[in-house]
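>>> next comes the sequence, and after it the predicted model I'd like to discuss.
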Amino acid sequence: MKKRIAVLAGDGIGKEVTRGAVEILRAIGERFGHQFSFSYGHIGGGAVDELGTPLPDETLDLCKESDAVLLGAVGGPQWDRLPVHLRPEQGLLKIRKELGLYANLRPTLYYSSLAEASPLKREVIEEVDLLMVRELTGGLYFGKPSERMKQDGQDVVVDTLFYQKAEMTRVIKLAFELAKNRRGHVTSVDKANVLESSRMWREVAEEVGQQYPEVTLEHMLVDNAAMQMVRNPKQFDVVVTENMFGDILSDEASVLTGSLGMLPSASISEKGPYLYEPIHGSAPDIAGQNIANPLATILSVAMMLRVSFGLEQEAKAVETAVDEVLNSGFRTKDITSVETKLVTTTEMVEEVKATILDNETIQSIMGCYA
Ligand code: IPM
Ligand code: MG
């Protein structure tokens, strides 16, 4: 198979983790006989410095011509004081909007070898397997007006929470489709006791739910959901929610796996290409030190192989390799504990790569599919 991948490393640790993930894709290509080609584009603060905008047109064109997009992370303190339209985060919001990436899938999986790295008790997180489906191109992060002004001589500010019903319908429908192939349960999160937008969200969830009699639908208020996520996360299968609630809850969910450095994501559009990125940020405090955890980005390329290219065995090979490396005790700094072997970013990538290229691992994966 031949595929063209746009790589937007972005800022901070984005460069280190995407470099590692590209190496993993190359190893998969070598092992399974695929040709992946990589083209690089600017996004975020680096793009502002080089080209005066956080999302240059060239980058957008490159993405549109590619089969999938791999993104690192954007942002850093040196760009925090720029005017709004030049902030690195605007590049990320704009690429989501321009590519129509309406749903962000954020799976949270329990790794038994990482239980010690989570601040939660093992019995709480054991066997957690939840999929957060976050609406990604609407709501408060995109609504206009979003500005400060004067009202009766006072400084006031407004942000706008705007949704079309159709935007709610398509993402909720996707959540139900995904639940059908999982444990058949959708939790729709809202704040319907206060917000009109949430009351509409709830109605839409009911409407969509009627088309899926085999899936059970539960509504949960966002404040309660935040609490349930750490109290009893095993109750969740697919969680679907609007943009800001999803942003907040998915960071919270990452604690269940032990580290933000473990959570991958896939952003889905109607036509493609889809975009894959770790959910963590650019972590400027540790950038350039070769200590960042590359696994969230590596697991994001596993999602790319599965979702964009339909390469299930190859995706499994990456995930199994990550599992094995963790079971062998290798840890980057964020997930290390006394009994483990502390490794750098590049060493972690090497371990995963060596495992992928190792015949026994591959054979055992092939065995599962025989
Ligand atoms: C995320 C990030 C972004 C978001 C920021 C950097 C704009 O927090 O992907 O979750 O809020 O969507
Ligand atoms: Mg976030």
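Perfect, I can see it now. What you are looking at is a predicted structure, and each value in this text was computed from that prediction instead of being measured. Ligands and ions are numbered 1, 2, ... in the order given.
>>> so for whatever helix or strand residue 15 lives in, mean pLDDT?
In this assignment (DSSP states H and E), residue 15 forms part of helix 14-32. The average pLDDT for helix 14-32 rounds to 98.
>>> just checking, what packs against it?
Helix 14-32 sits against strand 2-10, strand 35-40, strand 68-73, helix 295-303, helix 312-327, helix 345-357, with contacts defined as 3 or more C-beta pairs under 8 Å, 6 or more residues apart in numbering; DSSP states H and E. Placement of C-beta: from N, CA and C, glycine included.
>>> ok, residue 167 to ligand 1 distance?
16 Å (C-beta to the nearest ligand atom, to the nearest Å).
>>> ok, that residue touching residue 102?
Yes - the pair residue 167 / residue 102 is scored as a contact, 6.8 Å apart, by C-beta atoms under 8 Å.
>>> could I get the helices and strands packed on helix 14-32 as TSV with mean pLDDT?
Formatted as TSV, the helices and strands packed on helix 14-32 follow (pLDDT from 0 to 100):
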stretch	mean pLDDT
strand 2-10	98
strand 35-40	98
strand 68-73	98
helix 295-303	98
helix 312-327	96
helix 345-357	97
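>>> ok, the nearest residue to residue 69 once chain neighbours are set aside - contacts?
Nearest residue to residue 69 in three dimensions, chain neighbours excluded: residue 275, at 4.2 Å (C-beta to C-beta, 6 or more residues apart in numbering). By C-beta atoms under 8 Å, 6 or more residues apart in numbering, the contact set of residue 275 is 63, 68, 69, 70, 71, 95, 96, 99, 101, 266, 267.
>>> show me the domain layout of this protein.
1-107+263-370, 119-257 (automatic domain parsing).
>>> so which of those has the densest surroundings on average?
Comparing the domains of the chain on average neighbours per residue, with mean count of other C-beta atoms under 10 Å, the densest one is domain 1-107+263-370 at a mean of 19.
>>> interface residues of the chain facing ligand 1?
75, 89, 92, 93, 247, 279 (C-beta under 6 Å from any ligand atom).
>>> list residues touching both of residue 167 and residue 102?
135, 137, 138.
>>> so the second one sits right up against residue 166, yeah?
No - using C-beta under 8 Å, residue 137 is not in contact with residue 166; the gap is 11.8 Å.
>>> just give the nearest non-adjacent residue to the spatially most central residue of the chain, would you?
What sits nearest the mean C-alpha location of the chain, by C-alpha atoms, centre = their mean, is residue 265, with 2.3 Å. Computed as C-beta to C-beta, 6+ apart, the closest residue to residue 265 that is not its neighbour in sequence is residue 106, at 4.7 Å.
>>> so how far is the one helix or strand the one you found maps to from its chain's centroid?
Under the criterion DSSP H and E, the helix or strand holding residue 106 is strand 103-109. Taking C-alpha atoms, centre = their mean, to the nearest Å, one finds the center of strand 103-109 at 6 Å from the center of the full chain.
>>> quick one: mean pLDDT for the following helix or strand past it?
Once the chain leaves strand 103-109, the next helix or strand it forms, by DSSP H and E, is helix 122-125. Mean pLDDT, helix 122-125: 94.
>>> which residues are contacting helix 122-125?
110, 115, 118, 230, 231, 232, 233, 256, 257.
>>> quick one: secondary structure of residue 134?
strand (DSSP: H, G, I helix; E, B strand; the rest coil).
>>> the residue in the stretch 201-350 of the chain that ligand 1 sits nearest to: what's it in contact with?
As assessed by C-beta to the nearest ligand atom, ligand 1 sits closest to residue 247 within the stretch 201-350 of the chain, at 4.4 Å. The neighbours of residue 247, taking C-beta under 8 Å, 6+ apart as the test, are 134, 141.
>>> next, it: secondary structure please.
Assignment for residue 247 (three-state DSSP): helix.
>>> and the angle from the helix holding residue 15 to strand 2-10?
Going by axes from the mean of the first three to the mean of the last three C-alpha atoms, to 10 degrees, helix 14-32 is angled at 160 degrees with respect to strand 2-10.
>>> low-confidence ranges in the chain?
359, 361-370 (pLDDT under 70).
>>> quick one: whichever residue of it sits closest to ligand 1 from residue 55, how far?
Closest contact between the chain and ligand 1, by C-beta to the nearest ligand atom, is at residue 89 (4.0 Å). Look at residue 89 and residue 55: by C-beta to C-beta, to the nearest Å, they are 11 Å apart.
>>> again with residue 270
From residue 270 to residue 55 the distance is 20 Å (C-beta to C-beta).
>>> now the residue nearest to residue 69: which helix or strand?
Per DSSP H and E: strand 274-278 holds residue 275.
>>> quick one: that strand to strand 68-73, angle?
Strand 274-278 and strand 68-73 are oriented at 30 degrees to each other (the same axes, to 10 degrees).
>>> quick one: strands adjacent to strand 274-278?
Strand 274-278 has its sheet partners listed here by DSSP bridges as strand 68-73 (parallel), strand 264-268 (antiparallel).
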